[in-house]
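[1] give me a model of this one.
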Amino acid sequence: MKLVITNTLSGKKEEFIPISKDQVLFYLCGVTVYDMCHIGHARAYVVFDTIRRYLTHLGYKVKFIQNFTDIDDKIIKKANEEGVSVDEITSKYIDAYFKDMHALNIQDATTYPHATHYVTEMIEIIQKLIEKGHAYEAGGDVCFSVPSFKTYGKLSKKVLEDLIAGARVDISHAKKNPLDFVLWKAAKPGEPSWPSPWGNGRPGWHIECTAMAIHELGETIDIHAGGNDLVFPHHENEIAQSECYTGKKFANYWIHNGFVTIHSEKMSKSLKNIISIQDILKKYSGDVMRFYLLKAHYKTPLHFSYDGLDEAKIAYHRLVDTIKNNPSSSQSPENQEITSEVTTIEEKFHLAMCDDFNSAEAIGYLFDLAKIINTTGHYQETLKKLGSLLGLFSQSVLEDDTFSIDILQLVDERTAAKAQKNFKKADEIRQILIDTHNIIIEDIPGGNTRLKRK
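    This is a model prediction of the structure:
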């Protein structure tokens with residue numbers, strides 16, 4: 001079964017052929033640690049965690065590197081606003097990052113390089129780019145010369161002449177070309193800085209990932225990934241500086257996930273429509289949130305809504321209850337026709353995942369399998385195995401016998417309805433519990449109730 005991936009570089013689906021037969025070198029752009037992670041971050045990191053899991057399932061040893069940008073204008077601004085050090089800000093939000101990701105059942109990366117630990121490597125790369133005529137000093141800064149890289153725009157499909165025509169010269173830098181970008185920023189009073197051949201300063205954003213990716217994985221890697229918003233200019237600039245530095249192709253496959261929109265608008269602080277992961281976790285479990293994010297193909301835009309999360313919650317609990325309500329571990333019923341049907345479902349699941357990691361289609365096959373399990377009482381282990389490839393059905397979820405807040409609220413509403421002798425409403429709530437949540441409610445002496453899974 002061949003794995004195909006939509007490569008942003010070519011704009012086409014390509015068969016995945018790694019550099020090494022049994023290893024995948026995978027670099028994922030991480031967060032700039034100055035604030036809480038939001039739903040956009042959640043989508044990206046759930047998507048690429050799932051891709052990593054599936055590559056591991058296929059037998060590859062995945063070296064998965066994800067950086068932290070821990071020096072940046074936004075970080076410095078935040079530290080000044082709060083009257084604390086940059087280190088305090090970055091430590092706070094790195095801790096928050098791990099809390100969020102673990103709630104979403106995201107596996108830790110092989111390594112999390114911090115940008116500030118690779119300044120020496122960045123300086124070496126910048127020096128080499130200057131020597132080769134791809135970079136130049138400009139008023140205490142060092143800039144990359146975009147026109148020196150003849151294939152600039154090959155990732156984003158942007159034409160250099162069009163970009164130049166639409167660009168404005170940044171008067172804060174003595175740039176030779178308005179598209180040239182900063183590799184090294186001259187130090188400003190009160191900001192963190194490092195010594196360099198061009199004076200004290202700090203690295204620009206784009207050079208960080210080049211240094212960390214090359215140092216951790218090598219000059220050419222298999223997969224470089226991130227959100228669609230990084231295609232231009234960040235990843236375009238990474239390609240330019242990396243390939244000018246090494247003379248080699250930087251990454252063979254570029255994978256980008258689609259935007260998350262809210263009310264048809266891209267999330268942005270100016271629109272005040274940022275929804276943090278922590279805000280969502282107050283109402284929904286990390287498992288439900290992960291399931292919701294995987295119900296859409298990773299490349300398509302995701303139109304976030306709480307109604308969609310509610311629907312995902314109901315659907316996910318149906319799968320979980322299918323496993324919990326069928327405790328038999330036997331996988332071999334006598335009916336060979338059903339066994340064959342299950343095998344076909346498994347094959348379709350893997351075909352979907354091998355077709356550009358189509359988790360949306362794969363999840364559909366989990367429900368096909370759940371129907372068989374609820375009829376026969378068998379194959380729940382198959383459901384658990386397939387779900388685990390998507391990071392679903394964590395052990396804590398399957399072992400949790402407690403009932404969710406929304407179920408308990410319905411029980412309270414039914415109790416209140418009975419007390420008011422509104423037996424029609426009480427019966428309606430009973431039916432909702434059965435149909436929507438697979439929960440049976442029993443009245444017991446003393447006016448109490450007992451819940452059990454259907």
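
[2] what ranges does the stretch 351-454 of the chain have for its strands?
    439-444, 448-453 (DSSP state E, counting those that start in this stretch).

[3] contact partners for residue 98?
    By CB atoms under 8 Å, 6 or more residues apart in numbering, no residues touch residue 98. C-beta here means a position set from N, CA and C on the backbone, and glycine is covered the same way.

[4] for it, grab phi and psi.
    Note on residue 98: its backbone torsions stand at phi -60, psi -40 [degrees, to the nearest 10].

[5] distance of it relative to residue 381?
    Separation of residue 98 from residue 381 (CB to CB, to the nearest Å): 31 Å.

[6] could you do residue 411 as well?
    Distance of residue 411 to residue 381, computed by CB to CB: 32 Å.

[7] the more surrounded of those two?
    Neighbours were counted for residue 411 and for residue 381 using other CB atoms under 10 Å; residue 411 has more, 18 against 15.

[8] correct me if wrong: that one contacts residue 441.
    Yes: using CB atoms under 8 Å, residue 411 is in contact with residue 441, at 6.5 Å.

[9] give me the common contacts of those two.
    Common neighbours of residue 411 and residue 441 (CB under 8 Å, 6+ apart) are 433, 449, 451.

[10] from the residues you listed, keep the buried residues only.
    Applying 16 or more other CB atoms under 10 Å to the shared contacts of residue 411 and residue 441, the neighbour count classes residue 433 as buried.

[11] let's have the shared contacts of residue 411 and residue 441 in TSV, adding pLDDT and distance to residue 181.
    Shown next, in TSV, are the shared contacts of residue 411 and residue 441 (pLDDT from 0 to 100; distance: CB to CB, whole Å):
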residue	pLDDT	distance to residue 181
433	86	58
449	76	64
451	73	60
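
[12] got a markdown table for the shared contacts of residue 411 and residue 441, with distance to residue 318 too?
    Shown next, in a markdown table, are the shared contacts of residue 411 and residue 441 (distance: CB to CB, whole Å):
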| residue | distance to residue 318 |
| --- | --- |
| 433 | 13 |
| 449 | 22 |
| 451 | 16 |
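
[13] out of the shared contacts of residue 411 and residue 441, flag the one nearest to residue 371.
    Closest approach between the shared contacts of residue 411 and residue 441 and residue 371, by CB to CB: residue 433, at 20.8 Å.

[14] low-confidence ranges in the stretch 301-450 of the chain?
    For the stretch 301-450 of the chain, the stretches flagged by pLDDT under 70 are 328-334, 395-406, 438, 444-447, 450.

[15] brain fart, the stretch 101-250 of the chain
    164-173.

[16] can you give me the strands in it?
    All strands of the stretch 101-250 of the chain, identified by DSSP E, counting those that start in this stretch, fall at 135-138, 141-144, 181-186, 201-203, 221-227.

[17] right, so of those, which gets closest to residue 76?
    Between residue 76 and the strands of the stretch 101-250 of the chain, the shortest gap by CB to CB is with strand 201-203, which sits at 9.2 Å.

[18] need the contact partners of the closest one.
    By CB under 8 Å, 6+ apart, strand 201-203 touches 71, 115, 119, 122, 140-141, 183-187, 191-194, 211.

[19] if you set the cut-off to 6 Å instead, what comes out?
    Strand 201-203 has contacts (CB atoms under 6 Å, 6 or more residues apart in numbering) with 71, 122, 184, 185, 186, 187, 193.

[20] and that strand, which residues are buried?
    For strand 201-203, the neighbour count (16+ other CB under 10 Å) marks 201, 202, 203 as buried.

[21] and if you look at stretch 229-236?
    Quick answer for stretch 229-236 (16+ other CB under 10 Å): 230, 231, 233, 234, 235, 236.

[22] go on, stretch 76-96?
    76, 78, 79, 86, 89, 90, 92, 93, 94, 96.

[23] related to what we said a few turns ago, can you redo the strands of the stretch 101-250 of the chain as a markdown table with distance to residue 242?
    Below are the strands of the stretch 101-250 of the chain laid out as a markdown table (distance: least, CB to CB, whole Å):
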| stretch | distance to residue 242 |
| --- | --- |
| strand 135-138 | 13 |
| strand 141-144 | 11 |
| strand 181-186 | 12 |
| strand 201-203 | 14 |
| strand 221-227 | 10 |
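
[24] quick one: residue 93 is in a helix?
    Yes: judged by DSSP: H, G, I helix; E, B strand; the rest coil, residue 93 forms part of a helix.

[25] I'd say it and residue 33 touch.
    Yes: counting by CB atoms under 6 Å, residue 93 touches residue 33, with 4.0 Å between them.

[26] could I get the buried residue list for the host helix or strand of residue 43?
    Applying DSSP states H and E as the criterion places residue 43 in helix 39-57. Judged by neighbour count (16+ other CB under 10 Å), helix 39-57 contains these buried residues: 39-55.

[27] of all the buried residues of stretch 76-96, which comes closest to residue 61?
    The nearest member of those to residue 61, counting by CB to CB, is residue 94 at 26.2 Å.

[28] mind checking how far the closest one is from residue 87?
    To residue 87, residue 94 is 10 Å away according to CB to CB.

[29] before we move on, back to that, switch the buried residues of stretch 76-96 over to CSV; also include distance to residue 174 and pLDDT.
    Formatted as CSV, these follow (distance: CB to CB, whole Å; pLDDT from 0 to 100):
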residue, distance to residue 174, pLDDT
76, 23, 95
78, 29, 96
79, 29, 96
86, 28, 97
89, 31, 97
90, 31, 98
92, 37, 97
93, 34, 98
94, 36, 98
96, 39, 97
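
[30] show residues contacting stretch 254-271.
    By CB under 6 Å, 6+ apart, stretch 254-271 touches 8-9, 39-40, 43-44, 47, 224-225, 227-228, 231, 273-274, 298-304.

[31] distance from it to the middle of the chain?
    Distance of stretch 254-271 from its chain centroid, counting by CA atoms, centre = their mean, to the nearest Å, is 13 Å.

[32] tell me the buried residues in it?
    Neighbour counts using 16+ other CB under 10 Å place 254, 255, 256, 257, 258, 259, 260, 261, 262, 267 of stretch 254-271 among the buried residues.

[33] for residue 243, which non-adjacent residue is spatially closest?
    residue 250 (5.4 Å; CB to CB, 6 or more residues apart in numbering).

[34] quick check on the one you found: phi, psi?
    The phi/psi pair for residue 250 (degrees, to the nearest 10) reads phi -80, psi -50.

[35] quick one, domains of this structure?
    As assigned by automatic domain parsing, the chain contains the domains 17-257, 277-399, 405-453.

[36] burial count for the closest residue to residue 286 other than its chain neighbours?
    Residue nearest to residue 286 in three dimensions, not counting chain neighbours: residue 103, with 3.7 Å by CB to CB, 6+ apart. By other CB under 10 Å, the residues close to residue 103 number 18.
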